[in-house]
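[1] whatever this is, show me its structure:
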Amino acid sequence: MSDMSTSMKDHLRNLVSALVNLSPSRNIISQLILLLPRDLRTIEYSYPEISSPEAKEILAQLGVRLENTVRRENFANKLYEFIHKLFDWLDDELVKNVRLNLAKLTGLNIDSLPNPYAEWAELVLRKIVHEKNRVALIDLLRKLSESEEYCSERDLQTLLNEIRKKFKLNPAEFEEIVQICIGSEEERIESLKPGSYGYSSEYFEYYLRHSEYHLDIILHEYRYSAFYHKTDYYRLRHRNTLREILRRVNVEEKSKYERG
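    Below you'll find the model as predicted:
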């Protein structure tokens with residue numbers, strides 16, 4: 001039985017607030033789950049909060065397995081998937097103007113309705129600006145955010161080679177910035193699929209390329225046509241959000257440098 005004293009608008013506000021508070025920028029449990037698997041020593045260093053028996057019991061109930069390598073399982077895997085869906089939904093990746101429409105429905109100003117992906121990306125970028133190869137990292141992210149929505153493997157490799165040569169990166173340094181900005185691990189993401197089948201003679205597959213901090217800029221799309229001919233290309237995601245955050249972080253860092 002619903003509470004008639006509470007309006008539907010209030011229930012929607014409560015729901016949106018609950019969803020936003022699952023963001024890894026606001027919830028340390030979500031953040032830990034997002035960044036797994038990791039070596040146990042690395043996790044204990046980054047998250048000293050998990051050292052208590054109470055914290056370990058909480059994580060165990062959620063499906064975080066604390067062994068030599070800390071991993072997700074059961075509910076933690078579902079939460080991990082949902083965080084990605086939340087990022088895409090409230091950053092207009094799945095539904096255009098969703099935050100604008102929610103703001104209208106709840107009576108909130110859109111500026112007071114958080115974008116979880118934007119919050120997380122800003123947290124990551126503020127960490128990146130202190131990395132050894134921060135200039136190359138920021139330059140690569142900026143060029144990706146300013147690229148066309150779709151690019152080929154050749155286009156992507158050309159861009160990466162330009163960054164490698166421009167900053168004279170050795171193989172280890174180059175691999176590090178690729179992992180941070182783009183990543184190499186790919187995972188099937190069902191929520192991003194508009195449908196397994198397109199035209200009657202073609203089949204589509206979608207894989208999200210996970211970066212170290214899950215900026216997840218690249219969606220790898222495969223198309224199989226008749227006679228098993230395969231074409232593939234990349235869709236660049238979250239471009240507007242990244243572009244705005246890069247601009248803001250860069251302006252603030254430049255201002256700090258000038259104040260000296």
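
[2] give the buried residues for the helix or strand residue 235 falls within.
    Element membership of residue 235 [criterion: DSSP states H and E] is strand 230-236. Neighbour counts over strand 230-236 (16 or more other C-beta atoms under 10 Å) mark 234, 236 as buried. To be clear about C-beta, it is placed using only N, CA and C from the backbone, and glycine gets the same treatment.

[3] where in the chain is pLDDT low?
    Applying pLDDT under 70 to the chain flags residues 1-6, 188-203, 224-230, 251-260.

[4] domain-wise, how is it divided?
    Segmentation of the chain into domains, based on automatic domain parsing, reads 8-114, 122-259.

[5] which ones are touching residue 177?
    Counting by C-beta atoms under 8 Å, 6 or more residues apart in numbering, residue 177 makes contact with 133, 136, 137, 140, 163, 169.

[6] change it to 10 Å
    The contact partners of residue 177, taken as C-beta atoms under 10 Å, 6 or more residues apart in numbering, are 128, 131-134, 136-141, 160, 163-164, 167, 169.

[7] how many residues are close by residue 112?
    Here the number of neighbours of residue 112 (other C-beta atoms under 10 Å) works out to 8.

[8] OK, contacts around it?
    103, 106.

[9] make sure residue 222 is indeed in a strand.
    Yes - assessed by DSSP: H, G, I helix; E, B strand; the rest coil, residue 222 belongs to a strand.

[10] correct me, but it touches residue 235?
    No - in this structure, residue 222 is not within contact of residue 235 by C-beta atoms under 10 Å, at 11.6 Å.

[11] joint contacts of those two?
    residue 206.

[12] show me the contacts of residue 177 that map onto helices.
    Those of those mapping onto helices are 128, 134, 136, 137, 138, 139, 140, 141, 160, 163, 164, per DSSP state H.
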